[in-house]
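> The amino acid sequence is not available; the structure is as follows:
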Ligand SMILES: [Ca+2]
Ligand SMILES: [Ca+2]
């Protein structure tokens, strides 16, 4: 009979191996920097008539949808939708501060044409409309990017475009240089949860979907030093859960 073991010794040995093994898997998250915000949405509102996301999220519903409820805590996640007749896509906002960092979340889209737009903003920047810096837009079949700070949200460019005084050559150049788009193949499953990571480093933004790089884009506006506000813009409907923000620089 050799079934007798020495549990204490075995456990101690296992711990020593774990602590010293060069092959110990290290969580990718360890390289993202300092976790400065996380939200698992495991709470409920005090009522179901108005937006009440809590945890210092704010929403645009008073201004854009006459105060109707567009942001709902539901099943331990946050569901956002733009109400019929609203004058703008619902915007759900949270402050943060980094130069370089990562924003992560799980998300779910229940409509084929739905999208989740992550808008990075700096409300103190007065050379652009409404603090717009840049966007990453996630759809089931496409990831796209826009540099707004040095593109169409720059006030001079925005006004010239509005007034029809923008040089056609300049317009063509902006349309080419300030946007990038990448097909997602195979496209993401409808009405299922997916993992999203958005990394910002220097002048580059990269999107990972379910652990795979889906696209990246370099443009000078992305290097703006003081990113201060995340706006989740949802023209149709989208779910998010487990939102996390890490600051690297
Ligand atoms: Ca949750
Ligand atoms: Ca609710």
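Great, that's in hand. Since this is a predicted model, take the numbers as computed values, not measurements. Ligands and ions are numbered 1, 2, ... in the order given.

> I'd like the average pLDDT over the longest strand seen in the chain.
Longest strand in the chain by number of residues (criterion: DSSP state E): strand 237-247. Across strand 237-247, pLDDT averages out at 98.

> That strand - contacts with which helices or strands?
Where contact means 3 or more CB pairs under 8 Å, 6 or more residues apart in numbering; DSSP states H and E, strand 237-247 is packed against strand 34-39, strand 77-81, strand 90-98, strand 101-108, strand 227-234. For the C-beta atoms, the positions are set from N, CA and C on the backbone; glycine is no exception.

> go again using 6 Å as the cut-off
When contacts are defined as 3 or more CB pairs under 6 Å, 6 or more residues apart in numbering; DSSP states H and E, strand 237-247 sits against strand 34-39, strand 77-81, strand 101-108.

> So what touches the first one?
By CB atoms under 6 Å, 6 or more residues apart in numbering, the surrounding residues in contact with strand 34-39 are 55, 96, 243-247.

> from those residues, which is closest to ligand 2?
residue 55 (14.1 Å; CB to the ion).

> circling back to that earlier point, can you select the buried ones among the contacts of strand 34-39 for me in PyMOL?
Here is the PyMOL selection string for the buried members of the contacts of strand 34-39, based on 16 or more other CB atoms under 10 Å:
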select buried, resi 96+243+244+245+246+247
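
> restrict the contacts of strand 34-39 to contacts with ligand 1.
Counting by CB under 5 Å from the ion, nothing from the contacts of strand 34-39 sits close to ligand 1.

> about what we covered before: which of the helices and strands packed on strand 237-247 sits closest to residue 132?
strand 101-108 (16.4 Å; CB to CB).

> okay, residue 30: pLDDT?
So residue 30 comes in at 85 (pLDDT).

> what about the residue positioned nearest the centre of the chain, distance to residue 191?
In the chain, the residue lying closest to the centroid (CA atoms, centre = their mean) is residue 118, at 4.3 Å. Applying CB to CB, to the nearest Å, the value for residue 118 to residue 191 is 20 Å.

> now swap in residue 176 and tell me
Residue 176 sits at a distance of 35 Å from residue 191 (criterion: CB to CB).

> Around the nearest residue to residue 179 once chain neighbours are set aside, how many other residues sit close by?
Once flanking residues are discounted, residue 179 sits nearest to residue 146: 5.3 Å by CB to CB, 6 or more residues apart in numbering. As a burial measure, residue 146 scores 23 neighbours (other CB atoms under 10 Å).

> sec struct for residue 146, please.
strand (DSSP: H, G, I helix; E, B strand; the rest coil).

> tell me which residues form a beta bridge with it?
residue 135, residue 179 (DSSP bridges).

> Hmm, it is touching residue 137, no?
No: counting by CB atoms under 6 Å, residue 146 sits too far from residue 137 to count as a contact (7.5 Å).

> quick one on the thing from earlier: and the longest strand of the chain, how far from the chain's centre?
6 Å (CA atoms, centre = their mean, to the nearest Å).
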